[in-house]
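Asker: coordinates only, no sequence provided:
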């Protein structure tokens, strides 16, 4: 079965610093989703990647899906306290979509020190 | 649109009690899913549905039942609660037919004593 491994598990950065979170899959990624979760709350959708080499940005967050489609990275530029939370990557279990059946990594907990 | 709503927000049960977690969406999404989130385990899929009348098991289905009589609602039933079912439960929905974002509800925090 497919597994998603996120690294690092947790991260503490000084405000203004850049950071990268990785998501590595044991199988080819057909659809890769990044979500953010604030403590005790639901998941907020950030970005979705499908094609190898694809890169998307929203405000100061950039996500990439590597050419071989087995790893994605999430990069935050000039981090702010509002970026703090848990970042989760999720993936379709099969080509063409998962029918609502995603697999998730265990998450990366990000803390930003003012 | 209210999006995906879940009730209750918090619940405490005693071992052996039964209850139903409610989930509803008003976006006319075909796909709906239930996940549980435990510390250090990420999100794990319990059950999912691709449309009214159709459900299937996910990774951790034991101890849970679901049914989907309407497009809007997807309740999760705990038949006989166990401490191992203490968790945060999330319901999600998405459009059918491809790779689309899943919309998540705010979660239900369940404690079984």
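Answerer: Right, received. Where do you want to start? Only a predicted model underlies this, so the values are computations on that prediction, with no experimental measurement involved.

Asker: what does chain A have sitting close to chain B?
Answerer: Within reach of chain B by Cβ under 8 Å from any Cβ of the partner chain, chain A has these residues: A:30-31, A:33, A:35, A:40-43, A:45, A:48, A:50, A:88, A:90, A:92, A:96-97, A:99-107. C-beta coordinates here come from the backbone N, C-alpha and C atoms, glycine included.

Asker: from these, list the buried ones, please.
Answerer: For these, a burial check counting by 16 or more other Cβ atoms under 10 Å in any protein chain shown picks out A:30-31, A:33, A:35, A:42-43, A:48, A:88, A:90, A:92, A:97, A:99-107.

Asker: which residue does chain B have closest to chain A?
Answerer: Residue of chain B nearest chain A, by Cβ to the nearest Cβ: residue B:31 (3.1 Å).

Asker: that residue contacts residue B:94, doesn't it?
Answerer: Yes: counting by Cβ atoms under 8 Å, residue B:31 touches residue B:94, with 4.6 Å between them.

Asker: got any ranges where chain A has weak pLDDT?
Answerer: In the predicted model of chain A, residues A:94-100 satisfy pLDDT under 70.

Asker: check chain B too.
Answerer: Scanning chain B for pLDDT under 70 picks out the ranges B:98-99.

Asker: mind listing what the most centrally placed residue in it touches?
Answerer: Most central residue of chain B, judged by C-alpha distance to the mean C-alpha position with Cα atoms, centre = their mean, is residue B:34 at 3.0 Å. Listed by Cβ atoms under 8 Å, 6 or more residues apart in numbering or on different chains, the contact partners of residue B:34 are B:21, B:23, B:45-48, B:58, B:64, B:66, B:74, B:76, B:89-92.
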